[in-house]
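Trainee: Quick check, what structure comes out for this input:
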Amino acid sequence: MGYNKPLPQPSRWTMKYWEGTKDHKLLIQKCSACGNYMFYPRLYCVHCFSEHIEWVEASGKGKIYSYTVTLSNPVSTFMDDLPFTIAIIELDEGVRMLSHVINCDHGKLKCDMRVEVVFEDITDKFSLPKFQPLT
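Mentor: Residues are numbered from 1 along each chain as shown. All right, here's what the predicted structure looks like:
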């Protein structure tokens, strides 16, 4: 059975990110002019407006900034995943991203819990970054 959920829709400025996840690398952007990191992918620096943006591999480690455990959901392709956790992850590089937390009892989740990225290969073209408690 194939993957039956919505797939990412890469654009020209997010393609590098999705290529990285397929290779199990969490890529974020860094401004060459001011040194600040950014996520989600942008065409220019949100700090100094420079166009000198580079892709760098993030450590893949961070902490849960905030989260919610979804216990019920309208009928959709996500019904079989219930319950699931969606969290804002603050990477050690300082950027925040939305993702799932897996491999953890929902009752043991807490803000500031250390987590690390893991990748779920969903098709031959896409892998999704998810997070689990740091071991």
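
Trainee: which ones are touching Leu91?
Mentor: 26, 28, 37, 39, 58-62, 97 (Cβ atoms under 8 Å, 6 or more residues apart in numbering). Where you see a C-beta, it was placed from the backbone N, CA and C, and this is true even at glycine.

Trainee: Go again with 6 Å.
Mentor: 58, 62 (Cβ atoms under 6 Å, 6 or more residues apart in numbering).

Trainee: Show me what it is bridged to.
Mentor: Gly62 (DSSP bridges).

Trainee: Which pLDDT value goes with it?
Mentor: Model confidence at Leu91, given as pLDDT, is 98.

Trainee: separation between it and Leu26?
Mentor: Separation of Leu91 from Leu26 (Cβ to Cβ, to the nearest Å): 8 Å.

Trainee: what sits in contact with each of these two?
Mentor: Joint contacts of Leu91 and Leu26 (Cβ under 6 Å, 6+ apart) are Ala58.

Trainee: Mind telling me what element Cys104 is part of?
Mentor: Of the helices and strands defined by DSSP states H and E, none includes Cys104.

Trainee: Got phi/psi on the nearest residue in space to it that is not next to it in sequence?
Mentor: Excluding the flanking residues, the one nearest Cys104 by Cβ to Cβ, 6 or more residues apart in numbering is Pro133, at 5.1 Å. Phi and psi for Pro133, reported as degrees, to the nearest 10, are phi -50, psi 140.

Trainee: What about Pro133, how many residues nearby?
Mentor: When neighbours are defined as other Cβ atoms under 10 Å, Pro133 has 16 of them.

Trainee: same question, Gln29
Mentor: 23.

Trainee: I'd say it and Ser50 touch.
Mentor: No: look at Gln29 against Ser50 with Cβ atoms under 6 Å: they stay out of range, at 11.1 Å.
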